[in-house]
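Chemist: show me the folded form of this:
(chains A and B)
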Amino acid sequence: MTDTTPVVGGLSAAPDLTPAQRTWRAFRRNPLGTGSAAVLLALILVALCAPLIAPFPEGYGTDTSLPPSSAHWFGTDDLGQDVFAQVVWGTRVSVLVGVSASALAIVIGLLVGVAAAYFRRIDGPLGVLVDLSLSLPVLPLMILVAALAGPSVQTLVVVIALFSWPEVARVVRAQALSIVPLPYISAAKVVGGSALWIIRKHMLPGVMPIVAVSVVMTTSRAVLSEAGLSFLGLGDPNSWSWGAIMHKAQLSGSLATAWWTTLFPSLAILLLVVAATLLSVAYNDARNHRAH
Amino acid sequence: MRLKFVGIRLLRGLLTLWFAVTVAFFLVRLLPGDPVLAVADPNMTEELRAKLLADFGLDRPLFVQYAEYMVQLLQGNMGISFRQALPVTEVLLERLPWTLILTMSALAVTVIVGIPLGVLAATRAHRLTDRIVQVTGITAQSLFVPSIGVFLLYTLGVVIPIFPIGGAINLDATGFDATLSMLHHLVLPGLSLVLIQLGNFVLSMRSTLLEALGEDYVALAKAKGVRPRAVVWKHAVRNALLPTTTLAGLQLGALFGGAILTETIYAYPGIGRAIYEAVGQQDYPVLQGAFILLAAAVVVANLITDLAYGFLDPRVRTS
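Modeler: Reported below is the predicted structural model:
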């Protein structure tokens, strides 16, 4: 091990280092992880600062369907709008929907997963519910609900969260089940701790590392779901997202003629999802590093 | 034992199907607004509104509607398409064969290409070949389906126009030419689906095979002097196939999801393209019917995989 703090006979030379700090040290040394984190931060920054980077793309321009040039980095679409501006503003909605939907899904999944592991009586029914939900084809179901609820950013967030939590619940339950039989949970029960208190103080901290990985992966899956729904025409008609840019290209037929209208939103999606995947891989490695 | 195994699997399939149709029913009814009235004139008179509600049975209690809906479904009735004035079942059954051709051929190619790739990665674990397979696999998993679809369409359909970029068959072709035309139209959408699935399949094959290669029976086979190639293919691969096939079964929902997006790009006349068109026309009965039909397809495909494995692998039957 290349640890700067030598571990001798199980006694660390720096005993004040918490597990979280050690994970962070190992993570920092992995360029793949830090690079991915930097990419994700950059995307969030673009989302936050969109108005400073490019004007909101709307209306009609004179330069229609131009390939990338120094004036239009990503070219223009059939209405003469700047594709670069569309991608920048699209980052805003794609990231917003991804993060919000994933946050909502994580909260539901966390509650259901921990409750199923702790209260044995409801574990059976909840397990069946999760299994059944996971075996449904999710995209057609999301399409049905999004179409009925009417296209808007809120609809997308709720619909994606509604069908993403079972995956989180499954992972959280598996982890929580390994915590329930531990002595400190029994001890907490013996001293008269209420179920809510035990869950809050002892169960939730135990499942947090799993949730951290889950946040990243659920967000990237939510971004893909948003892109898919928007591509099919279920996005908010008044705002841009990466999927919506491709939807417009599909509608106008630029799909087959103007490669730049689909390439750049595609690259943005790929960048986000690959960075998220590598980040979770690096985080897992950093945590396991601690175990060796 | 065998009969019980079949019975349990069958029951689970039916339960999933019941869950799917029930979810569809309640989601549609619980959402704000009457789906039927959403497409009618919003300025209609109160009498007309009441008449429409009565015509579609929406004025009755929810559980009566639910019972009626189940009875209708069991008779294969999924309502009338708003826009085409045809029964939804008729509209969708006409499209179903195309989606099945597309998804099942993509699945077959994924398995045929994926097994050797997984074996290659596992037998050369942690070497360059393995690294390349792994990195490619992770990247392929991260692809957005329309992205890969558009990329193939542009490169192999527009820049080098060797494949058609839309439709499923040349309607003028007859006999053998028709089959050829069908395969020709299948290449690009099929390849898009294969590329999306392959990464996941290969990575799963690799990890289960690596596990199998560490088992005692592999060591025994080696000790008995079985040739290395035979050890891998006849002993380890056969056992690694079960978890991988199970995973492929779980991925079927995603495969149909991918088909919706791919068919949209290639104007492929399957269920997916029907869904895309129904979204544009706010044709809710078609969307609901498509979901139910795809859920049924997933259930049936999973049942077939389960049963096939039960007959091939005795461990599945008894556990």
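Chemist: hmm, the helix or strand containing residue A:271 touching chain B?
Modeler: If you go by DSSP states H and E, residue A:271 is part of helix A:260-291. Yes: for helix A:260-291, a contact with chain B is found by C-beta under 8 Å from any C-beta of the partner chain, at A:262, A:263, A:266, A:269, A:270, A:273, A:274, A:277, A:278, A:281. For the C-beta atoms, the positions are set from N, CA and C on the backbone; glycine is no exception.
Chemist: helices or strands up against the helix or strand hosting residue B:202?
Modeler: Here residue B:202 sits within helix B:175-213, counting by DSSP H and E. Secondary-structure packing of helix B:175-213 (3 or more C-beta pairs under 8 Å, 6 or more residues apart in numbering or on different chains; DSSP states H and E): helix B:88-123, helix B:128-141, helix B:145-152, helix B:237-250, helix B:252-266.
Chemist: can you show me the strands along chain A?
Modeler: Secondary structure of chain A (DSSP state E): strands at A:7-8, A:11-12.
Chemist: in terms of mean pLDDT, which of these ranks lowest?
Modeler: Mean pLDDT per stretch puts strand A:7-8 lowest among these, at a mean of 46.
Chemist: who in the stretch 51-200 of chain B is up against chain A?
Modeler: Residues of the stretch 51-200 of chain B lying close to chain A (C-beta under 8 Å from any C-beta) are B:138-139, B:141-147, B:150-151, B:153-154, B:157-158, B:165.
Chemist: show me which of those residues are buried.
Modeler: Buried subset of those (neighbour count, 16 or more other C-beta atoms under 10 Å in any protein chain shown): B:138, B:141-147, B:150-151, B:153-154, B:157, B:165.
Chemist: low-confidence ranges in the stretch 201-319 of chain B?
Modeler: Along the stretch 201-319 of chain B, segments meeting pLDDT under 70 span B:316-319.
Chemist: near chain A, which residues of it show up?
Modeler: In this structure, the stretch 201-319 of chain B approaches chain A at residues B:250, B:252-254, B:256-257, B:260-261, B:264-265, B:275-276, B:278-280, B:282, B:284, B:287-288, B:290-291, B:294-295, B:298-299, B:302, judged by C-beta under 8 Å from any C-beta.
Chemist: residue nearest the middle of chain B, spatially speaking?
Modeler: In chain B, the centroid-proximal residue (C-alpha atoms, centre = their mean) is residue B:256; its distance is 2.9 Å.
Chemist: which residues of the stretch 51-200 of chain A fall in helices?
Modeler: Secondary structure of the stretch 51-200 of chain A (DSSP state H, counting those that start in this stretch): helices at A:83-118, A:120-134, A:138-149, A:153-162, A:165-179, A:183-190, A:195-198.
Chemist: rewinding a little: would you mind listing the buried residues in the next helix or strand after the helix holding residue B:202?
Modeler: As assigned by DSSP H and E, the chain's next helix or strand after helix B:175-213 is helix B:216-223. By 16+ other C-beta under 10 Å, the buried positions in helix B:216-223 come out as B:218, B:221.
Chemist: find the nearest non-adjacent residue to the spatially most central residue of chain A, please.
Modeler: The residue lying closest to the centre of chain A (C-alpha atoms, centre = their mean) is residue A:219, at 0.9 Å. Closest residue to residue A:219 apart from its sequence neighbours, by C-beta to C-beta, 6 or more residues apart in numbering or on different chains: residue A:102 at 4.0 Å.
Chemist: and that neighbour, what pLDDT?
Modeler: On the pLDDT scale, residue A:102 is placed at 95.
Chemist: same question, the one 3 residues further on
Modeler: At residue A:105, the predicted lDDT confidence score is 96.
Chemist: tell me the contacts of it?
Modeler: Taking C-beta atoms under 8 Å, 6 or more residues apart in numbering or on different chains as the contact definition, residue A:105 lies against A:160, A:161, A:164, A:165, A:168, A:218, A:222.
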